[in-house]
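Novice: Output the structure for:
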Amino acid sequence: MDIANITTVTIGIIWILISIFLDLYTLRKFEGVPHIKDYESDDGVPNISIIIPSRNMGNYLGETLRGVFSQSYKGRYEVILVDDDSDDDTQDIIKEYIERPNFRYIHIDNKPADWLGKQYACYRGFINSVGEYIVFLDADTLISSYALSKIVDSMLKDDIDVMSPAPTIISKSISGKTVQIILSGITRAVYRFDKINRDESDTWLFGSLIVWKRKAYIETGTHKAVKNKLLDDVELARRARRIGLKVRMYRGHKWIYSFWYDKINDIISSLSRIVYSSVERNFIRALKNLFILILAYYTPIFIVLSGILRDNPLSLFIGILSYISVSLYHIYDTKEILNYNPLYVFLYPLGIFLLIISILNAWVRSYMGKAIRWRDRYILGGDSLYYDR
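Specialist: Below you'll find the model as predicted:
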């Protein structure tokens, strides 16, 4: 066996060992993430304001509202839908709820130029709310009938100021599923759930559903403090952590379901929006992360191809094993968190390819000063929003 084949086989074995180590290590850390729990408070149950910012989300809004109004929560709660100038069938969907005494509809005609759309909708909902607890719920997120009870119980028991339950992500397309499998695995490895309340740099929350104590939300500065930040959920969580508030992530996969994109263009647009600000802040870091992604996920494929081209059965065998080991790293996320068919893990190259394309798209557009289109608006730069109507 020549040096090239020995090197290829060695790299393959190293990749197998790294995959096994990461799987065992990150799963152990993830097991420390608490489940949403049941708890009966002696002080009664607080009033809740559920604020739903929405822009052209008619495909999901009906199911979201049905879930919200089916809650078994014992306390009082109000539902505030803030419509960010939608031009779909939102008006038709809300007709069956408009007469409910605990439902309020706010329509935004003219958003201030220095605000991003979702942030302004959240803020408008808040200033019109009265609840002791504030729930920000995305219009494409479904909650089970006992979700609110469990969430508030968990916050009361653990004395939490702001929390977010990790949802099950629903995607119907192969491309959407493979991207979510990759994102879930990377999140488990890099943004560790167990460190959220211990290190500001690791603090973040799922934007699909975030629950605040009203006082804590005000102390953090409300969405007004992050009115032009692309990743408002991350920025607010870190602000809360910085002033000493208790921030926590829970597992909500059996009670919270969030829809994700199916079309490739929408997937790339969504990922590019997330990556855009980080690329602009630190170009070198973004480039490094891109290189790591390619190296980590495509090395097994390179080893397989090397074994085929060099007619080396051992190299081919090790390459296949390393490909399987990298795939199996995502098996837990696929089966237990995302509830997808486990066989999707073997399609991870597709998910990685779309993620790489999204990073490159954000990189090129940031470098050239071009905007990213997102829900009929144009995001340009880290702090500015331009839109055409």
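
Novice: In which helix or strand does L314 reside?
Specialist: Element membership of L314 [criterion: DSSP states H and E] is helix 313-329.

Novice: no wait, L360
Specialist: Element membership for L360 (DSSP H and E) is helix 348-368.

Novice: now that helix against helix 313-329, angle please.
Specialist: 70 degrees (axes from the mean of the first three to the mean of the last three Cα atoms, to 10 degrees).

Novice: Show residues contacting helix 348-368.
Specialist: 174-175, 177-183, 264, 267-268, 271-273, 275-276, 279-280, 283, 286-287, 289-290, 293-294, 297-298, 301, 326-327, 330, 370-372 (Cβ atoms under 8 Å, 6 or more residues apart in numbering). C-beta coordinates here come from the backbone N, C-alpha and C atoms, glycine included.

Novice: Check which helices and strands the helix or strand that the helix holding L314 is followed by sits against.
Specialist: Tracing the chain C-terminally past helix 313-329 and defining elements by DSSP H and E, one meets helix 331-332 next. For helix 331-332, the packing partners by 3 or more Cβ pairs under 8 Å, 6 or more residues apart in numbering; DSSP states H and E come out as helix 3-30.

Novice: hmm, 6 Å instead?
Specialist: Contacts defined by 3 or more Cβ pairs under 6 Å, 6 or more residues apart in numbering; DSSP states H and E place helix 331-332 against no helix or strand at all.

Novice: if I pick E63, what's in contact with it?
Specialist: L142 (Cβ atoms under 6 Å, 6 or more residues apart in numbering).

Novice: any idea how far it is from S258?
Specialist: According to Cβ to Cβ, to the nearest Å, E63 and S258 sit 12 Å apart.

Novice: Give me the below-cutoff pLDDT ranges for the chain.
Specialist: Scanning the chain for pLDDT under 70 picks out 1-2, 4-5, 23-44, 191-202, 277-283, 286, 375-376, 380-389.

Novice: What residue spans form the domains of this protein?
Specialist: Residue ranges for each domain of the chain read 3-28+265-387, 48-167+206-260, as given by automatic domain parsing.

Novice: Mind putting those into a markdown table with distance to R188?
Specialist: Conversion of the domains of the chain to a markdown table gives the following (distance: least, Cβ to Cβ, whole Å):
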| stretch | distance to R188 |
| --- | --- |
| domain 3-28+265-387 | 5 |
| domain 48-167+206-260 | 10 |
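
Novice: Let me know which of those domains is tucked in deepest.
Specialist: domain 48-167+206-260 (a mean of 19; mean count of other Cβ atoms under 10 Å).

Novice: End to end on that domain, go ahead and measure it.
Specialist: Distance between the two ends of domain 48-167+206-260: 26 Å, counting by Cα to Cα, to the nearest Å.

Novice: Surely G307 touches S315?
Specialist: Yes - counting by Cβ atoms under 6 Å, G307 touches S315, with 3.6 Å between them.

Novice: could you list every residue that touches I51?
Specialist: Residues counted as contacts of I51 (Cβ under 6 Å, 6+ apart) are I80, G125, F136.

Novice: again, only this time at 7 Å
Specialist: Residues near I51 by Cβ atoms under 7 Å, 6 or more residues apart in numbering: I80, V82, C122, G125, F126, S129, I134, V135, F136.

Novice: Please flag which of the residues you listed sit within strands.
Specialist: When DSSP state E is applied, those are split such that I80, V82, I134, V135, F136 fall in strands.
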